[in-house]
Each structure stands twice: as structure tokens, then as C-alpha cells.
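*Asks:* quick one, structure for this:
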Amino acid sequence: MPISQNSKKKIKLAIVGATSFIGGELLSYIHKKNFNVVATYKTKKNIKKKYNFKWKKLDIKKKKINYFNYLENPDIVINLSWPDIPNYQLKKHFLTSSTQQRFVQNLIKNGLKNIIILGSCYEYGKISGKIDEKKREKPTIAYAKAKLKLLKSIQKLKYFYSFKLTWLRPFFVYGYNSKRKNLYTLLKDIDQNNLNQLNVCGNLIRDFVPVKYLCSSMLKIISLNKDFGILNICTGKGTSVKNFIKKHIKNKRFFRKINMNAMNPNSFEPKSFWGDKKKLNKILKNTK
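*Replies:* Numbering: from 1, shown residues only. You can find the predicted model right below:
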């Protein structure tokens with residue numbers, strides 16, 4: 001049943017990867033709601049205690065531990081953790097997948113009833129056009145293959161345990177990210193005259209998703225407390241890189257610093273692809 005924000009009982013959430021780019025943004029939404037939150041970190045230097053949450057150090061590589069109890073028996077676990085991004089071709093992603101499999105299996109076996117995990121639109125592979133959740137996955141890079149391997153392993157657990165699973169596939173999330181550069185942060189560098197030149201492939205078509213939209217959508221998904229399976233997080237619209245830049249660069253006189261005719265360095269991507277939003281729209285309509 002849906003979670004009532006006005007309920008006297010606070011819903012217990014455990015956020016794995018709370019110090020990540022998306023995790024930090026999600027915390028800014030959740031702290032205003034009626035949730036009891038355990039936020040995890042890997043190293044103390046990454047902790048930013050902006051909100052009154054309980055913080056716990058978490059190492060999912062440890063085998064002799066009941067992670068469900070350690071995270072204080074949450075109603076929902078939100079797993080945003082995945083290292084080595086954006087190094088998508090590393091074989092190390094398969095080791096991460098195996099570690100994540102053990103971690104999730106441990107949670108489910110010990111009593112977890114709802115898990116929300118961050119997947120990737122790259123799981124679909126090099127497919128052009130609008131992509132819905134029923135599209136057969138054909139990943140081409142190690143990162144996406146490892147993510148899909150994790151998903152399949154969790155789906156198999158459903159034969160033996162009763163739990164809810166929502167596997168989010170966000171498209172191209174953007175926003176200010178202090179941890180690593182992306183197109184949006186590079187445009188901020190251009191605006192502040194901290195970058196002499198930016199080379200991009202201007203005619204690529206992508207589904208650009210504001211991180212705030214991703215997190216507000218996640219909050220609504222959490223509030224419904226249901227099993228949504230695979231779910232695209234997208235705008236449902238394809239936007240060219242050139243138009244994205246025109247919209248987000250503020251200092252127009254620095255536009256000349258941007259070369260739109262560069263090659264796309266990610267050969268594993270199609271020229272044009274964006275998400276189908278029908279399933280997400282139905283979910284968002286069911287929440288206020």
C-alpha cells in the first residue's frame with residue numbers, strides 16, 4: 001500500500017551511496033519528509049552532515065554480516081552505489097556486480113521487502129530512437145553488462161523470496177556535480193571563463209534529465225511503496241547537444257569557445273536515443 005507522509009509511523013529508509021552526486025541531491029528532498037533515514041558512507045572524508053540523518057559507514061564487501069540488521073531493518077533500501085564511473089569499459093565493473101549481488105541477496109534473505117536500485121540506460125545498448133522498458137537489452141560495454149547481470153540475479157531471487165523491486169534506468173542526468181565533470185559542469189566552466197575550449201558533437205540527440213527531476217521522481221516512487229520493475233527515468237524527448245548548450249550557457253559571448261563539430265568519444269552510443277515516458281507518467285499521476 002502507498003506510504004502516507006502524514007502517518008505517525010516514520011518509514012525507515014536506508015540510502016546506500018548517500019555521498020554520491022545523486023545521493024546528495026536525493027537527501028535534500030527526503031529530509032523534508034516524514035522518513036527515518038540511515039545514510040551510508042564509505043569514508044569519513046565524504047560525509048556532509050547537512051541534515052539530521054543517522055550516518056553509518058558501509059563496506060558491502062564484508063561477508064559475515066547481516067546487512068539488513070546493520071542498516072536498522074529498513075522498509076526500503078535505495079541503492080545508488082557503483083564505483084568507477086565514467087570509466088565504462090573497465091572489467092572491474094563485473095567484480096562490482098558480483099559484490100552487489102551478494103549484498104542484495106544478503107538484504108533480501110534477512111528480511112528486506114522493498115529495494116530500489118539505480119541501473120543505466122546504457123543497458124539497452126546501441127539502439128536508436130525512443131526506447132521503452134520492454135525493449136530487449138543488448139549492452140555493449142562492461143559497465144552496462146555488469147548492471148544487467150545484477151538485475152537478472154535479483155529477478156531470480158523473486159522465485160524464492162517475496163519482495164518489491166524497482167530498477168531505475170535514468171537517461172542523461174545533469175546538474176552541478178563537484179565530484180566529476182559532465183557537459184553541464186563544463187558549461188559552467190565556460191561561463192566563468194575557466195575553460196578555453198570545449199569540443200562536443202553538437203548533432204547528437206539525447207534525453208537530458210535534470211538531477212532534481214530524477215530525485216523528485218524517486219521520492220514519489222518511494223511514497224507509493226510498490227513493485228515497479230524496470231522503469232525509465234526520462235523526459236520522453238530527444239534534445240540535440242547543440243540545443244542543450246544554447247539553453248544552459250549563460251554567457252553567450254563565450255559560445256565561440258565551443259566546437260560543435262567534434263567526434264563523439266563514446267563509440268558505444270547511437271547518434272540518437274531517448275526514453276519512452278509512458279510508464280513513468282502513469283506512476284507520477286498516482287502521486288500528489
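
*Asks:* reduced to three states, what does Gln105 come out as?
*Replies:* helix (DSSP: H, G, I helix; E, B strand; the rest coil).

*Asks:* now for it: which residues touch it?
*Replies:* Ser153, Leu157 (Cβ atoms under 8 Å, 6 or more residues apart in numbering). Heads up, the C-betas are built off the backbone N, CA and C, glycines and all.

*Asks:* Gly238 too?
*Replies:* Lys130, Ile205, Arg206, Asp207, Ser272, Phe273, Trp274 are the contacts of Gly238 under Cβ under 8 Å, 6+ apart.

*Asks:* list only buried entries from those residues.
*Replies:* Lys130, Ile205, Arg206, Asp207, Phe273, Trp274 (16 or more other Cβ atoms under 10 Å).

*Asks:* any idea how far the fourth one is from Phe244?
*Replies:* Same thing as Asp207. Counting by Cβ to Cβ, to the nearest Å, the separation of Asp207 from Phe244 is 11 Å.

*Asks:* same check on Lys156?
*Replies:* Counting by Cβ to Cβ, the gap from Lys156 to Phe244 is 39 Å.

*Asks:* compare these two (neighbour count), which wins?
*Replies:* For Lys156 versus Phe244, neighbours defined as other Cβ atoms under 10 Å are more numerous around Phe244 (21 against 11).

*Asks:* where's the more buried one, which helix or strand?
*Replies:* Assigned by DSSP states H and E, Phe244 belongs to helix 241-248.

*Asks:* give the buried residues for that helix.
*Replies:* Val241, Lys242, Phe244, Ile245.

*Asks:* out of these, which is nearest to Gly24?
*Replies:* Phe244 (22.8 Å; Cβ to Cβ).

*Asks:* unless I'm mixing things up, that closest one is touching Leu183, no?
*Replies:* Yes: between Phe244 and Leu183 there is a contact at 7.1 Å, judged by Cβ atoms under 8 Å.

*Asks:* now Arg169, nearest residue through space, not along the chain?
*Replies:* Gly119 (4.8 Å; Cβ to Cβ, 6 or more residues apart in numbering).

*Asks:* since we're on that neighbour, how many residues are nearby?
*Replies:* Using other Cβ under 10 Å: Gly119 sits among 22 other residues.

*Asks:* which residues touch it?
*Replies:* Here Gly119 is in contact with Lys147, Leu148, Leu151, Trp167, Leu168, Arg169, Pro170, Ile230 (criterion: Cβ under 8 Å, 6+ apart).

*Asks:* kind regards, and thank you for your time.
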